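Novice: Based on what follows, work out the 3D shape:
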Amino acid sequence: MINISNVSHQIGTSVILDDICLEIPSNGITAIIGPNGAGKSTLVNLIARQAALQNGRIAIDDLDLSSTATEALALKMALVSQSVGVASRIRVKELIAFGRWPHNKGVLRETDKNVINLALERFDLVELQNRFLDQISGGQRQRAFIAMAFAQETDWMLLDEPLNNLDMFHARALMQELRSLTDHGNKGIVMVIHDVNYAARWSDNCIGLQSGKLIFSGPTNEVLTPKNIKDLFKIEVSRVSCGSQQLFDHY
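Specialist: Residues are numbered from 1 along each chain as shown. This is a model prediction of the structure:
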């Protein structure tokens with residue numbers, strides 16, 4: 001479980017997060033939704049310790065982020081940010097191998113090679129493994145970074161807008177893979193996502209942020225309602241049935 005207690009964050013005089021208190025359950029997908037500027041990415045970066053915690057406390061599986069060694073956190077959680085700076089003359093397979101660093105400190109063993117090959121297969125990158133990052137599309141690079149996070153073999157994956165640049169086929173394939181990782185791999189996945197229907201279809205829990213404030217948090221089928229979506233995005237929506245799924249349409 002990730003426990004977030006009284007977390008606030010400011011940039012200058014601008015309040016980005018305002019006294020956030022919530023618990024994120026383990027072993028499932030938690031979607032963070034909300035309008036632009038809601039504080040979604042900031043919250044993920046604070047959980048990943050990519051930004052300094054100004055106020056409050058964050059603990060991941062009882063490890064206090066303020067006092068836990070970086071090496072221990074690298075074995076606990078993996079992050080894929082919106083923008084990742086990396087040298088373009090790195091091959092896809094080499095990038096994924098970086099995910100094994102917390103385990104091997106750069107000395108590849110047979111176990112590491114097996115995990116890297118599995119990541120290539122599961123994220124449809126086998127044919128691209130020897131291509132340089134500047135030779136593949138934005139969506140393909142996105143999948144490569146997520147494969148690197150998978151190869152890190154952590155209990156938690158933190159994904160900031162992982163569907164960016166993905167076409168419909170690969171967006172669906174990625175969500176199916178993440179669903180499998182949580183259902184059969186005992187992983188907790190926290191992801192920022194803009195499409196409420198992807199949140200409705202694939203997530204177990206949903207967090208709604210607006211202007212730095214927590215609007216709702218809980219099981220997706222309980223909190224992702226037309227009223228809460230209207231409160232969050234200021235648009236009217238209605239439920240529509242898609243097979244056994246209840247999705248949303250706006251007007």
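Novice: What segments of the protein are helices?
Specialist: Here the chain has its helices, by DSSP state H, at 40-47, 70-74, 92-98, 101-104, 110-122, 138-151, 168-184, 196-202, 220-223, 226-233.
Novice: Columns mean pLDDT and mean neighbour count on top of those, output as a markdown table?
Specialist: Quick note: C-beta positions are derived from backbone N, CA and C, even for glycine. Shown next, in a markdown table, are the helices of the chain (pLDDT from 0 to 100; neighbours: other CB atoms under 10 Å):
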| stretch | mean pLDDT | mean neighbour count |
| --- | --- | --- |
| helix 40-47 | 96 | 22 |
| helix 70-74 | 93 | 13 |
| helix 92-98 | 96 | 22 |
| helix 101-104 | 92 | 16 |
| helix 110-122 | 96 | 16 |
| helix 138-151 | 93 | 23 |
| helix 168-184 | 92 | 16 |
| helix 196-202 | 93 | 20 |
| helix 220-223 | 94 | 15 |
| helix 226-233 | 93 | 16 |
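Novice: Can you give the contact residues for stretch 136-143?
Specialist: By CB atoms under 8 Å, 6 or more residues apart in numbering, the residues outside stretch 136-143 that reach it are 92, 123-125, 128, 133, 144, 162, 164-167, 170, 174.
Novice: Which residue would you name as the spatial centre of this protein?
Specialist: L159 (2.0 Å; CA atoms, centre = their mean).
Novice: Across the sheet, point out what pairs with the residue nearest to that one when sequence neighbours are not counted.
Specialist: Nearest residue to L159, sequence neighbours excluded (CB to CB, 6 or more residues apart in numbering): M191, at 4.2 Å. With beta bridges defined as DSSP bridges, M191 has these partners: A31, L159.
Novice: what about M191, neighbour count?
Specialist: M191 is flanked by 26 other residues according to other CB atoms under 10 Å.
Novice: same deal with G34?
Specialist: 23.
Novice: dump the residue contacts of it.
Specialist: Contacts of G34 by CB under 8 Å, 6+ apart are K40, G208, L209, Q210, I215, L232.
Novice: Could I get the helices of the chain in a markdown table, plus columns for distance to P25?
Specialist: Below are the helices of the chain laid out as a markdown table (distance: least, CB to CB, whole Å):
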| stretch | distance to P25 |
| --- | --- |
| helix 40-47 | 14 |
| helix 70-74 | 19 |
| helix 92-98 | 28 |
| helix 101-104 | 24 |
| helix 110-122 | 24 |
| helix 138-151 | 20 |
| helix 168-184 | 10 |
| helix 196-202 | 15 |
| helix 220-223 | 11 |
| helix 226-233 | 19 |
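Novice: now the contacts of G34 as CSV including distance to T13?
Specialist: Compiled in CSV, those are given as follows (distance: CB to CB, whole Å):
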residue, distance to T13
K40, 21
G208, 25
L209, 20
Q210, 19
I215, 23
L232, 25
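Novice: between those residues, which is nearest N6?
Specialist: L209 (15.5 Å; CB to CB).
Novice: Which strand residues bridge the closest one?
Specialist: Beta-bridge pairing of L209 under DSSP bridges involves L214.
Novice: any idea how far T182 is from it?
Specialist: According to CB to CB, to the nearest Å, L209 stands 22 Å off from T182.
Novice: got a list of what the residue nearest to the centre of the chain touches?
Specialist: L159 neighbours (CB under 8 Å, 6+ apart): L79, V80, I146, A149, L178, I189, V190, M191, V192.
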